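Visitor: below are the sequence and a predicted model for it; my questions follow.
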Amino acid sequence: MKISTPALLCVLMLASIPARADGSLFVHATEGAVHLRWNAPLGEPYDGFQVERQPAAGGAWTRLNESPVTRMADVGQIRDLLGPLAENFLTFFDEGQSSISSAALAEVMNDPVARGLIQLFSVKIQAMGTVLGEVYQDRMLEDGGSFRYRIVRVSAGKESVWAESGRTVTHGVADTVPLPSGLRGEGAEETAQLSWDHDEGLSRSGRLVAYRIYRAVSPSGHYDLANYDSVVPTKLNGVLPEFLYLDQYLENGRPYWFRISGVNVLGFEGARSEAIKVVPKDMTPPPPPQNFRGRLHGGSGEGGAMLQWDPVAVADLEGYRIYRGEEPNGEYLPIWPDESEPTVPRITYIDADVPEGAIYWYYIVSVDHSQNESRSSDRIQIFREDRTPPARVTDVEAVAIDDGDDPGVHLTWAPNDESDLSGYLVQRTTRISGTGDDMTIDDRFFAADIHLQEEPRYVDPVPVNSESRYAYRVLAVDEAGNSSEPSEVVIARMPDKVPPTRPAIQTVRVRDGKVAISWLSNVEEDLAGYRVYRSEDDTSFAPTHPDLVEDLEFLDSPGAYETVFHYRVTALDLTGNESDPSVSLSVKFRDDQAPPAPPIERIDVEDAGLHLFWGPLAEDIDVILVYRQSEDESSPKTIAQLVSREQDFLDNDVQANVEYRYFLRVTDERENLSPPGRVLAGRLDE
C-alpha cells in the first residue's frame, strides 16, 4: 500500500468526517426508485450483500436481488466508473495490479489513515458506493405501498442481517434533501468567505453530508457551480473552521451572489437557498506614515499637541488615523478623525485636549479606500507640565484626645476634588503665645508627618501633656508636586489634667446659729470654685452643698448642737480637676442665738412709780434685764435683773416730771444676750 504526500497531509489535518457508523442503512426515495446505501465492513472479508424488503404492516421479507451486491475488483472497471477520480482510491494499492483482492482491500481498510480517506472519498464521490458494493436501487415499486428494508451480509456461504432501515418508505412519495440554513459571507482579498449552520445530526444520518455552492454576478443572473468538488465539513482539532468554503480568485470591489444546496450520502441534491451578496475587498494595507513627530501647541498651562508626519504616496490612500493612549504599552483609542468626519489625506493635526499634567502617547496609521490600516508608526510622547496648584483645603477641625487607642490630635477636613490629587501635607507648630484676642502664632510651621495623607484625616501622636497647645494647617498636593495655599490655622489644646493647689482654711467658728468656714483665695486663672466637706469623725467627709462655692466663706447648718464637726475645703478648675483637700479644722456647734427680748407693752403711772408690763417669755429665758434712760442721761443703765419669769416690774425710783425711756434684754440658759427690745417711754407728773 502506498499513500501520496498530499493525501497523507490531508489525513493528518483531518480530525473527523461525518461518516455513518458501520451497519447503518440510509434510504432515499424518488418517484421511480428507492435508493439504498450502507457501509461495508471495514477490514473484514465478505462475499457480498443481499437486499430485502418487508411490508410496513409486517410479514415475510422479500429478496430483491438475484445475486449478491459485490464490490468492484477490476481496476479497469473502476477507472471507467470514476474517471480521473479513481486515482484517489487506487493510490492505496500497488501499481500494476489489474484486480484488487479481498485481502488487499481488508489490509487497506485496517489502516486508520487509509480508512479515513476512503470514508471521505465515499462521501464526496457518490460512485464510490458502487466501487465498494454499498448501493442498490429498488425499482420494483408498488404505488402507495409502504415498506422497510434490510441488508443481509453474505460471508463464506453464511448470511446474517447487517443493517436495517429505521423508517418505512412509501413508494411514489419522494424524499427531499434538507436545505442548509444560515448562509452568510464576508468579503476578503479577492475572496468570498462563506459559512453556514452545520447540523451534526443530519450529517451523521446521511441526509446532509455535503454542500454545493453556486455563484452569480447579479441577483437574478445565471448561477454557476462554484465548487466542482462538494464541500464536506471537516474538523481540525475537533472544531469546525470559521469559514466552511473560500471562493477565491474573485475581483475586488465587484459584488457576487451566492446560494447553497445540500447533498445526501447517495449524491442527491436538495433545493437552493436564498441568495446572499458578498463583495471581495482589498485586504492589503498601505505603508505607515514616516517621520511622525509632535510638539506642544498653545500657551503655558493651556493648549494642545501639534502632530505632523510625511505623506504616504500610494494610489488608493484615503487618509490617516491617529490613536492616543496614556501608557506606552497600554490601550490606544482613535482620536482623529471622529465618526462624523471623513478620513482625509492631511499631514497635520492638533489635539486640543491635552490638559496640564497629562502624558499622552500617539501613533498614526495610513488608511486606504478599503479601510485597511497600515501598521502603526513609531510612538511619540507629549507631556504638558502641570503648574496649577490644588484648591485651598477647607473645614479643618482639630480635636485633642488624651486617652483611648489613638491619643493625640485628631484632624479632619473637607476632601478636595482634583482628579490629580496626590495627598495632603499636615503642618504643625507649638510656637503659640497669649490667649484670646492676644494670641499670636509663629508662621514657621513644620511637617507633622513627612508622608502625604491620602485621606482627609490625620492623627498626630503628640505628647498628651496637660494643656499643651498645637497649631495646625493643611495643604493639598497634586501629582505634579504643586501645593495649595495653607488652610486656615486651627488650634488644639490638650485637656487640663492639673488640679488647683489645695486651699488653706483660715477659721471655723459658730456664728449666728451657723458654722462659718473661711479660707484663703487660690490664684489659678481657670479656677471654677470651691467645695466644702463636713465630717463628724474626721474621716468620712461629704460635701455640704451640691454647688460650688465661689466666695471665700461658707455658712453651714450642720445639725445637732453640742456636736463637734470637722471641715475641709477643695478647689476645682474649669475642666473639673479637683485639688487635694485642705487640712481639716473642727468646731463644736452650739446655740449662739439669744432669745428675743419681749417688748414692753405698756407703762402704767402709779403713786408708787412707773409700772412696766410685757408679754409671755420664751421657755429658755433665764434672766430679764430692765434698762432705763432719763432725759439727762447719755446712755441707758441696768436698773433691775429679774431671775424669775415675771411679766411686770415697778420702778419706784423715779422723779416727778422726768421722762424715762425703758427697754428689756434677756439671757438664755447658755448666757446668750438678746438685743434690746422695743423702747417705751413713761413720765410721773405731780
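Guide: Happy to help now that I have it.

Visitor: how about the strands of the stretch 351-500 of the chain, start to end?
Guide: Using DSSP state E, counting those that start in this stretch, the strands of the stretch 351-500 of the chain run over residues 359-368, 380-383, 397-401, 408-412, 421-429, 432-433, 440-441, 446-447, 457-460, 469-478, 490-493.

Visitor: mean confidence for the fourth one?
Guide: Think strand 408-412. Average pLDDT, strand 408-412: 95.

Visitor: what residues are up against residue 673?
Guide: Residue 673 is in contact with 594, 665-667, counting by Cβ atoms under 8 Å, 6 or more residues apart in numbering. For glycine as for every other residue, the C-beta is placed from the backbone atoms N, C-alpha and C.

Visitor: now it: how far from residue 52?
Guide: Here residue 673 is placed at a distance of 158 Å from residue 52 (Cβ to Cβ, to the nearest Å).

Visitor: just residue 291 next, same as before
Guide: From residue 291 to residue 52 the distance is 83 Å (Cβ to Cβ).

Visitor: okay, the two: which has more neighbours?
Guide: Taking other Cβ atoms under 10 Å, residue 291 and residue 52 do not tie; residue 52 has more neighbours (18 against 10).

Visitor: now for residue 155, how many residues are close by?
Guide: Neighbours around residue 155, by other Cβ under 10 Å: 15.

Visitor: number of residues surrounding the nearest residue to it once chain neighbours are set aside?
Guide: Nearest residue to residue 155, sequence neighbours excluded (Cβ to Cβ, 6 or more residues apart in numbering): residue 46, at 4.7 Å. Residue 46 is flanked by 19 other residues according to other Cβ under 10 Å.

Visitor: what does residue 296 give?
Guide: 15.

Visitor: give the bridge partners for it, please.
Guide: residue 305 (DSSP bridges).

Visitor: residues contacting it?
Guide: 303-306, 354, 382, 384.

Visitor: and residue 603, by the same measure?
Guide: Contacts of residue 603 (Cβ under 8 Å, 6+ apart): 610-613, 662, 680-682.

Visitor: now residue 84
Guide: Counting by Cβ under 8 Å, 6+ apart, residue 84 has no contacts.

Visitor: one more: residue 613?
Guide: 600-604, 647-648.

Visitor: how about residue 343?
Guide: So residue 343 contacts 318-321, 337, 367 (Cβ under 8 Å, 6+ apart).

Visitor: ok, and the most crowded of these?
Guide: In terms of neighbours by other Cβ under 10 Å, the contacts of residue 343 top out with residue 320 at 28 neighbours.

Visitor: so how far is residue 425 from the most centrally placed residue in the chain?
Guide: Closest to where the C-alpha atoms of the chain average out (Cα atoms, centre = their mean) is residue 455, at 17.6 Å. As judged by Cβ to Cβ, residue 455 and residue 425 stand 13 Å apart.

Visitor: for residue 357, same thing?
Guide: In terms of Cβ to Cβ, residue 357 sits 18 Å off from residue 425.

Visitor: out of these two, which sits in the busier spot?
Guide: residue 425 (23 against 18).

Visitor: on that earlier part again, which of the strands of the stretch 351-500 of the chain sits closest to residue 194?
Guide: Among the strands of the stretch 351-500 of the chain, strand 359-368 comes nearest to residue 194, with 24.7 Å by Cβ to Cβ.

Visitor: my guess is the residue nearest to residue 155 is in a helix, correct?
Guide: No. Residue 46 sits outside any helix when classified using DSSP: H, G, I helix; E, B strand; the rest coil, being coil.

Visitor: who's in contact with it?
Guide: Applying Cβ under 8 Å, 6+ apart to residue 46 gives the contacts 40, 102, 153-155.

Visitor: narrow those to just the buried residues.
Guide: 40, 153-154 (16 or more other Cβ atoms under 10 Å).

Visitor: among these, which are located in strands?
Guide: 153-154 (DSSP state E).

Visitor: so among the buried ones among the contacts of residue 46, where is pLDDT lowest?
Guide: Among the buried ones among the contacts of residue 46, pLDDT bottoms out at residue 40, giving 81.

Visitor: for that residue, grab phi and psi.
Guide: Note on residue 40: backbone dihedrals following degrees, to the nearest 10 are phi -70, psi 160.

Visitor: same thing with residue 82?
Guide: phi -90, psi -20.

Visitor: strands of the stretch 1-150 of the chain, start to end?
Guide: Going by DSSP E, counting those that start in this stretch, the stretch 1-150 of the chain shows strands at 25-29, 34-38, 48-55, 62-63, 135-138, 146-155.

Visitor: quick one: list the elements packing against the shortest one.
Guide: It stands for strand 62-63. Applying 3 or more Cβ pairs under 8 Å, 6 or more residues apart in numbering; DSSP states H and E, one finds that strand 62-63 contacts strand 48-55.

Visitor: quick check: mean pLDDT of the strand it packs on?
Guide: Rounded mean pLDDT across strand 48-55 is 94.

Visitor: next, the angle from that strand to strand 34-38.
Guide: 130 degrees (axes from the mean of the first three to the mean of the last three Cα atoms, to 10 degrees).

Visitor: hang on, the earlier thing: mind checking which of the contacts of residue 673 land in helices?
Guide: Counting by DSSP state H, these place none of their members in helices.

Visitor: right, I'll leave it there.
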